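My questions are about this predicted structure, shown below with the sequence.
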Amino acid sequence: MSVAPRTHFLLFLISLSSRMGLSRYIEDIEAADGLYSLLSLDQKRDSEDFIFRRPLRCLDMLATDGSYTFVASQPQLACAAFIIAEPSEVISLELSDVNIDCSAGDFIKMFDGWVLKGEKFPSKQDHELPLHQRYTDYCSSPATGATSRSSQNVAMIFFRFHSTDSGFTLAIKKLHNPFPCNIMSQSPEGSFTMVLPHQRKNCSFSIIYPVEIRLTDLSLEHAKSNELSPQRQLWSGCSGSGDYVELLGGNGVDTSMMFPVADLCFSLSGLAQMKIGCDNSVVRLVSSGNYINRVSFQYRLLEQSELPKTQENALDNFCSVE
């Protein structure tokens, strides 16, 4: 992923996080190790023994394996780090050198997914674990609370310190995931194939950009309809089939709170495309577990002139565009 899309992605997160009250704790990104050092890969990684290291910010975005250390120079009451990997990876987190006072209200919590504006990705409907099991609280059990592993390519860590010199070191390692599910895209352009082999679950591919999505192949191993169903027909159309793909749009990250744009519950070989002018565009595969379901798609960032301001493809434009 190039520096420019990553920069856009981080600034988007900062914008969202500012609404959570976190932005006042952002350190100066104009510093010597500023935004581009935060996002770019270190050139020294030629050696297999090299471990990428850098300080951790109160509000941070991490996309590189390595070791990140935070030491509070002042009380820090609302800090968070967003971790993202490639779509085919999950994330292992490990805490070490922890120096906090849990009895004084300090905490470090790791989360299996992301929380933005109070919304969670993946949503409760799409994640295999109940919500309380997705949190790993270091203070509740220091022995077992020092490690966490994500179920998808995003994870998060929250921390609060009341005293100076409190801190910890966070080790990030990415692991291969043979059947990626519930993916947050790092880029506004690309292609992907989601496969669910006889698994009863829902998988979402989330793109935090307004994009055009082109479905190039869809295999559901059964057919119920032969039409692209618009928003108003969604629940009377494909949802009863148990196996379908839906396109969603919205300005948050919780798919259960997003608007259904269209759905498909028939196998497709060819091109079906849709422009979604929302902050977040999602391809969601719902599977009953009875079949091997697969959907392939391409996506690209919409130009400003392409952003929908009126009805397109007979669908309501429900996302405001500035």
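Okay, I see it. Residues are numbered from 1 along each chain as shown.

Just confirm residue 305 is within a strand.
No: counting by DSSP: H, G, I helix; E, B strand; the rest coil, residue 305 falls outside a strand, being helix.

Report the residue spans of the chain with pLDDT below the cut-off.
1-48, 222-237, 239-240, 267-271, 308-318, 320-322 (pLDDT under 70).

Show me what counts as buried in stretch 80-99.
For stretch 80-99, a neighbour-count test (16 or more other Cβ atoms under 10 Å) marks 80-85, 87, 89-93, 95, 98 as buried. From N, CA and C alone the C-beta is placed, and that goes for glycine too.

How about residue 149, nearest residue that isn't a chain neighbour?
Distance criterion Cβ to Cβ, 6 or more residues apart in numbering; nearest residue to residue 149, sequence neighbours excluded, is residue 92 at 5.1 Å.

got the contact list for the one you found?
Contacts here follow Cβ atoms under 8 Å, 6 or more residues apart in numbering; on that basis residue 92 touches 147-150, 172-175.

middle-most residue in the chain, spatially?
residue 184 (3.4 Å; Cα atoms, centre = their mean).

how near is the closest residue to it other than its chain neighbours to residue 133?
Leaving aside its chain neighbours, residue 184 sits nearest to residue 154 (4.7 Å; criterion: Cβ to Cβ, 6+ apart). As judged by Cβ to Cβ, to the nearest Å, residue 154 and residue 133 stand 17 Å apart.

Please name the residues that touch the residue nearest to the centre of the chain.
Counting by Cβ under 8 Å, 6+ apart, residue 184 makes contact with 84, 114, 121, 152-154, 206, 208.

Taking these together, which two end up most distant?
Greatest spacing in the contacts of residue 184, by Cβ to Cβ: 152 and 208 (14.6 Å).

who's more crowded, the two?
Taking residue 152 and residue 208 together and counting by other Cβ atoms under 10 Å, residue 152 has the greater number of neighbours (27 against 23).

shouldn't the more buried one be in contact with residue 113?
Yes: using Cβ atoms under 8 Å, residue 152 makes contact with residue 113 at a distance of 6.9 Å.

Now the common contact residues for these two.
What both residue 152 and residue 113 touch, as defined by Cβ under 8 Å, 6+ apart, is the set 122, 182.
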